[in-house]
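Chemist: Sequence and predicted model, in that order:
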Amino acid sequence: METSTPLHHTAFANGCRIASGPLHEVALAVLRAQQAQPEAQALVFSDATGQPTDLDLRGDEPAVSARYASAPAPAVAAPSARSRGRPRLGVVAREVTLLPEHWEWLAAQPGGASVALRKLVHEARRGDADLGLARRRRERAYHAMSALAGDLCGFEDAARALFADDHAQLAARMSSWPRDVRAYVLQLAEAQPG
């Protein structure tokens, strides 16, 4: 059986981090903060995406905690009995248009055109993985940065530094922002999604 770790979230009120962790813990912290200071507006973000998360804080603490408690991991289905013939690999036939010299090169490859094309696709996907991760980190940090600091001094310059992957310049442009906001934006820009 496969278990999954809960997604982490982070909550802010007035530019200060009030909680970080699994959503049910963050929801309780936000509920307590709003009970202590009803005028404080809390913002909750998914650490994985940087997107704001709306919370339903109706009810008492046990009700709020239960609402956002992690769902149990789905049970893994037992493998079915093997049938005769080729295994189902999810292969989809589609048309590919290439120049004659491309077809000649593919035909000369070990395993034929299909194997060669699959290998080329796998290599390209591996090369794109790092670029995709960097893009997701920038987007994640930008989502949170926009909501937390979109009206703060130096936001546009900080955004340019973020998308240029210049973290030193990003930190410099955010120097006048609340400490917790700066730390969170840099955390999202540099760390693996949680």
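Modeler: Arrived safely, thanks for sending. Residues are numbered from 1 along each chain as shown.
Chemist: Going along the chain, name the helices of this structure.
Modeler: Using DSSP state H, the helices of the chain run over 23-36, 61-67, 100-108, 112-149, 155-163, 167-173, 179-190.
Chemist: Can you pull the poorly scored residue ranges out of the protein?
Modeler: Within the chain, the stretches with pLDDT under 70 are 1-6, 70-91, 127-131, 191-194.
Chemist: Mind doing that once more with 80?
Modeler: For the chain, the stretches with pLDDT under 80 are 1-7, 70-94, 124-132, 191-194.
Chemist: For stretch 53-70, report the contacting residues that lie outside it.
Modeler: Stretch 53-70 has contacts (C-beta atoms under 8 Å, 6 or more residues apart in numbering) with 6, 9, 22-24, 26-28, 30-32, 34, 44-46. Every C-beta, even on glycine, is put in place using the N, C-alpha and C of the backbone.
Chemist: can I get the CA coordinates of that stretch in CSV?
Modeler: What follows is stretch 53-70, C-alpha atoms only, in CSV (Å, rounded to 0.1, in the frame of the first residue of the first chain):
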residue,chain,number,x,y,z
THR,A,53,-6.3,28.4,-0.7
ASP,A,54,-9.7,29.3,0.6
LEU,A,55,-10.6,27.8,4.0
ASP,A,56,-14.1,27.1,5.4
LEU,A,57,-13.6,28.0,9.1
ARG,A,58,-17.2,27.4,10.2
GLY,A,59,-17.6,25.5,13.4
ASP,A,60,-15.4,24.7,16.3
GLU,A,61,-11.8,23.5,16.2
PRO,A,62,-12.6,19.8,15.9
ALA,A,63,-14.9,20.5,13.0
VAL,A,64,-12.4,22.6,11.2
SER,A,65,-9.6,20.1,11.8
ALA,A,66,-11.7,17.2,10.6
ARG,A,67,-12.7,19.1,7.4
TYR,A,68,-9.1,19.5,6.4
ALA,A,69,-7.6,16.3,7.8
SER,A,70,-5.7,14.2,5.3
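Chemist: For the helices of the chain, give me CSV that also has mean neighbour count and distance to C16.
Modeler: Shown next, in CSV, are those (neighbours: other C-beta atoms under 10 Å; distance: least, C-beta to C-beta, whole Å):
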stretch, mean neighbour count, distance to C16
helix 23-36, 18, 10
helix 61-67, 14, 21
helix 100-108, 11, 59
helix 112-149, 14, 11
helix 155-163, 17, 19
helix 167-173, 16, 19
helix 179-190, 19, 5
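Chemist: And stretch 32-43, end to end?
Modeler: Taking C-alpha to C-alpha, to the nearest Å, stretch 32-43 runs 14 Å from one end to the other.
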